[in-house]
Structures are given as structure tokens and as C-alpha cells.
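[1] Give me coordinates for this.
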Amino acid sequence: MTKDLLPRIQRNLVIITLITDDISPRLKPVCGFLSKRYPQITILFFDYSNGKLKCNNLIDLFEKEGYKAFIFHDIKEGLTLINKNQNSNFLYLFKSTQNLGIRLYYLFFKTKSSYKWISQCNLILIRRVLSEKSKNNFKYFLPIVSTFKNFLLHSLFYLKSLLVYFFLFNPLLHIIRDKKEKTAIPTNPQNILFIRMDHLGDIICTLPSLKALKEKFPNSKITFLGAPWSCQPLKANPHLFDELIIWDAPWHNKKTKYKIGIKEFIKLMLFLPKLRRKNFDLVIQPRGEGMNVVLAALTKGNFIISCADANRPIAMLMKKFIDILIVLNPYRTYHISEWPQLCLKELGIQVKEHHIRECYKVYTSPEIEKEISKWKKQGFNVCSIVIGAGSKVREWSPYKFSKLIEKLFKKNTLSILIGSKDDIRRKDNIVKLLSIPVMDMVGKTDFKNISCILENSDFIISLDTSIMHLASLLNKKIIALFGAGNIGVAKPVFSKKYVIIKKNV
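    Okay, here's the model as predicted:
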């Protein structure tokens, strides 16, 4: 970067970026920061699907903020837009490891302007680049090498997916699936399988859909296939289904995510007969990953509805074995509660307010209620604070929690600390910094007790966790503390009022 980049604020800025599902929340803070330095920002979005998927809403979204925005579909079109802005500064943003990054690098080298640089879609890195006082072309070497490496890895992954499909799953499905004509959507299925081997928060956000499904088909048997590490909300709400099958899927668990090898394939084949013997009339599978779609096809279901991620080759190749394949638009962000709702929409089922409010059973706990009541009689409000996050990038420091708890106490609000056994050490570090009382429930609750605590709380402060979604289901006021990640995927959506605070990371 040249020395006079920062002083020459009279120049406009052109941002060139690839469209991804979370580009809007990632790019808005960047534009907000850079708009203080440049009189006009123009954003050139690269639509790598060549117009197959709609993304024009991005234009409206950013133009409402005062930016100019354009979409281009190929290199030639991109170069034309770049040449029209030759007197501007250029910022090329790379968010992911997709092979299409190579095309953006090509555009970078074709740009004749000397006022250009490369960065990730990260505000901290952009600030660092802008603060540099000398030109350093070597800084481009590593990201370019990294992109070519990722291009190679992406290509190998795609090739592997094709080989696995054509030499394994395609012939296997032709052998084990009964040949049948395409059937109509069942109007009165008697035996339904709902597959969601997922995280706790995803399962909680699926409960309203289960409630709506059960209401639509009250006489049908609903079997839920879930994971052992996320089935607590299901066990606490047995009224939503008739049978719960727990299976540790080898491609989606906490220890070996998305791994599929010989051992995992054997494990799958040993499990399949248990599902196939049940002869399901209807199979619903909301996740878009390839192996989840494969599992749905292998169940021998009479009619199968499944989501599919457009960027997952195996998922898209399974189309002929799925009766209704819902392709998830890679240009938009889906909330984790939307996937099952998209499947139910195909059945003419809509999740309504009463499905949300009635899906989760609130349990009573006399001891907990007695303790909370004691503080309320003294004129205190009660706030449940979820201190665990399950991920370092989502965590808040014990110091920040301690300051928050003390400020709440000064305003006559008692804090109830909630977390799993893994959060006990974190809780101890928080308590050491406190000079006021708290109600410690960390590592002492299951989802039944947690529902009682949340129901008796005046409001909840939570990191991005499953308990945040449970509080939302119970229609509680929530302050959600988000760290790194896409807020649109996992924000609380069932509460009428909520506040989202994004910390600086």
C-alpha cells in the first residue's frame, strides 16, 4: 500500500467481494468503518452462480445504507465495472476458502490502479492494513498461495464426493431401494420419521415444527431420530413424538465431525436395517449436508422430503432418490429453525404462535421456586445468566460477568448462574471476583430444572447457547451476547422482544 492512501480520502472506494450466505452481516461493519474515511463506497458483488439464484436483495440492502452496489457474474463483466471506477481505491475481500477466490485474485491483478489491497472480511485486519505506512507487496504472497492451496483441496473434495456417489451410494441405492413410481405427497401418513441429529440449540428450535407436525397428523406415529448428545430437550417433551431413536451418526458428532470412512460406513450399514424395517410413509430431513440426505434416501421411506445445501455435491446428486429436495439458497442466511419449517411447508403445514408457546413443557421444582420466591419477597428481580458457550470465540470473560452481576445487584436484581458441568471452573472464577450473593445452579440442572428457572426469571442474559433458544421458546425477555459467528443463523427468534449485543473480537 502506498504511503498516501490514508490522506487521499477524496478518492472513492470500491469493495469487491464474493457473495456468501453471511456476507451482509460481515460486510456492513466494514462499510460503516470505511465510510468515515471515503466519500463514496461502491460494492461489486461476484455472483458465481451466474444468476441461477436470486440475490438482488443485496443491492437494495446496501443502497438503503447510502452505498452504490452492483452484481457481476463473470470476469469480463467484473473488469468492465472495475474500469469504470479506475480512479478509486480498491479493496478485495476474501471470506472463505472457496476455489472461486482465484477469480477474485485474477481481478486483483487486472486492476490497473495502484491504490488496491487484499484483506479478509475482518474489521480488525482492515484497520491493521490501513494503518500501514509503507508498501509491502510480500503481504499478498501468503494469501495468494493459501487460496491456490484451498482451491486444490476444494477440487479434491469435490472429486472425492463424485467418486463416493457414483461408485458407492448410487449403486447401493439402486440395489436396496424398491423401484417405484413417483408418488404424491401423503395426505394422511401413518408412520413418520423426523431426522435431526444436531446440536442442542438446533433441536430446541425444531420443537415448534414437531408440535405443528403432531397437530396436523394426530393419529400418526412420529419417530424422531436424534443424537445422544442433544436429546435432552426431546426426553423432556415426549408429547411431541411417539418414539425416540438415538444414534451417534459418524459424520456429525462432537468428536469426529463429518468424517466418513470404512468404519463409519460399516456403522451406517449396521444401523440402516433398524430404520428400514419400520417402513416409514414419510421421512423428513431438514439438514443440508450430503450424508444426512444420503441417510434419508437409505431409509426406504415411501415419500422423502429433505433439504440440500447447494454447495454440497453429494446432497445435490441425491436428487433422483428424494421426492422433494429443497435446495438451500447459498446467498441467504437461514435460521436454524427455518430448515424444518421449509420441509413442513411442502406438507401444507405452517408453524404458528401457539405451536411455539405450547411445544415445550415447563416443569416445576419446589426447591428452586422456593429459593427464587425468597428473593422476590425481598423486592428483588431475578435474572438468569448463562455463562457457558461451548466455544471460546463465543465466551465472555469472568471479569465482565462479575461486573455485570454486581451492577444488576445494585439495581435489586439477583443473578442465577446457569451452565453445564464443563462451566464449573468458569463459574468459580466469576464468584471469586464477586462480593455479593448469587444463586449458583451451574452443573446442577437438566433441561427440566432449567425450564423452571427460566420460567420464574424476569429476564435472561445468555451467550449463544441452547438455553438462549429455550428462553426464547418460553417467551422470556432475552439479552443475547454474541461473539464471532453469523448472528442470523442462531439469534433468538421466538421471543417478542430481545436485544442482541455483539462483542468486539
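
[2] Now do the SS call for the closest residue to R276 other than its chain neighbours.
    Distances taken as CB to CB, 6 or more residues apart in numbering put K300 closest to R276, at 4.3 Å, once the chain neighbours are dropped. C-beta coordinates here come from the backbone N, C-alpha and C atoms, glycine included. Three-state call for K300 (DSSP: H, G, I helix; E, B strand; the rest coil): coil.

[3] and V30, helix, strand or coil?
    Going by three-state DSSP: V30 is helix.

[4] Any idea how many residues pack against it?
    Residues lying near V30 (other CB atoms under 10 Å) number 23.

[5] can you check Y67 too?
    By other CB under 10 Å, neighbour count at Y67 equals 20.

[6] mind listing what's buried in stretch 77-91?
    For stretch 77-91, a neighbour-count test (16 or more other CB atoms under 10 Å) marks G78, L81, I82, N85, S88, N89, F90, L91 as buried.

[7] Can I get that stretch in PDB, CA atoms only?
    In PDB, the C-alpha atoms belonging to stretch 77-91 read as follows (Å, rounded to 0.1, in the frame of the first residue of the first chain):
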ATOM      1  CA  GLU A  77     -18.400  -8.100 -16.500                       C
ATOM      2  CA  GLY A  78     -16.300  -7.600 -13.400                       C
ATOM      3  CA  LEU A  79     -13.500  -6.000 -15.400                       C
ATOM      4  CA  THR A  80     -16.000  -3.600 -17.000                       C
ATOM      5  CA  LEU A  81     -17.200  -2.400 -13.700                       C
ATOM      6  CA  ILE A  82     -13.700  -2.000 -12.400                       C
ATOM      7  CA  ASN A  83     -12.600   0.000 -15.400                       C
ATOM      8  CA  LYS A  84     -15.500   2.400 -14.800                       C
ATOM      9  CA  ASN A  85     -14.100   3.100 -11.300                       C
ATOM     10  CA  GLN A  86     -10.400   3.300 -12.200                       C
ATOM     11  CA  ASN A  87      -9.700   6.400 -10.200                       C
ATOM     12  CA  SER A  88     -10.900   4.800  -6.900                       C
ATOM     13  CA  ASN A  89      -9.200   2.800  -4.300                       C
ATOM     14  CA  PHE A  90      -9.900  -1.000  -4.400                       C
ATOM     15  CA  LEU A  91     -10.400  -3.400  -1.500                       C
END
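
[8] and the nearest residue to W396 once chain neighbours are set aside, what pLDDT?
    In this structure, W396 finds its nearest non-sequential neighbour in L481, 6.0 Å apart by CB to CB, 6+ apart. Note on L481: pLDDT of 88.

[9] returning to what we had before: farthest-separated two in the buried residues of stretch 77-91?
    G78 and N89 (16.8 Å; CB to CB).

[10] is it true that N12 touches S35?
    No: using CB atoms under 8 Å, N12 is not in contact with S35, being 11.0 Å away.

[11] Overlap of the contact sets of these two?
    Contact criterion CB atoms under 8 Å, 6 or more residues apart in numbering; residues shared by N12 and S35: I41.

[12] if we can go back for a sec, list the contacts of the residue nearest to R276.
    I176, R177, D178, L275, R276, N279, F280.

[13] and the gap between the second one and F380?
    In other words, R177. 61 Å (CB to CB, to the nearest Å).

[14] again with the first one
    Between I176 and F380 the computed distance is 62 Å (CB to CB).

[15] Check the third one too.
    Distance check for D178 against F380: by CB to CB, it reads 64 Å.

[16] So those two - more neighbours on which side?
    More crowded of D178 and F380, by other CB under 10 Å: F380, with 17 against 6.

[17] wouldn't that one be in contact with S415 here?
    No: look at F380 against S415 with CB under 8 Å: they stay out of range, at 10.0 Å.

[18] where exactly do the helices run in the stretch 301-450 of the chain?
    Assigned by DSSP state H, counting those that start in this stretch, the stretch 301-450 of the chain shows helices spanning 313-317, 338-345, 353-358, 366-377, 398-410, 424-432, 447-455.

[19] JSON lines please, covering the ones you listed and showing mean neighbour count and distance to C31.
    Formatted as JSON lines, the helices of the stretch 301-450 of the chain follow (neighbours: other CB atoms under 10 Å; distance: least, CB to CB, whole Å):
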{"stretch": "helix 313-317", "mean neighbour count": "21", "distance to C31": "33"}
{"stretch": "helix 338-345", "mean neighbour count": "20", "distance to C31": "26"}
{"stretch": "helix 353-358", "mean neighbour count": "16", "distance to C31": "34"}
{"stretch": "helix 366-377", "mean neighbour count": "14", "distance to C31": "45"}
{"stretch": "helix 398-410", "mean neighbour count": "17", "distance to C31": "28"}
{"stretch": "helix 424-432", "mean neighbour count": "16", "distance to C31": "35"}
{"stretch": "helix 447-455", "mean neighbour count": "21", "distance to C31": "37"}
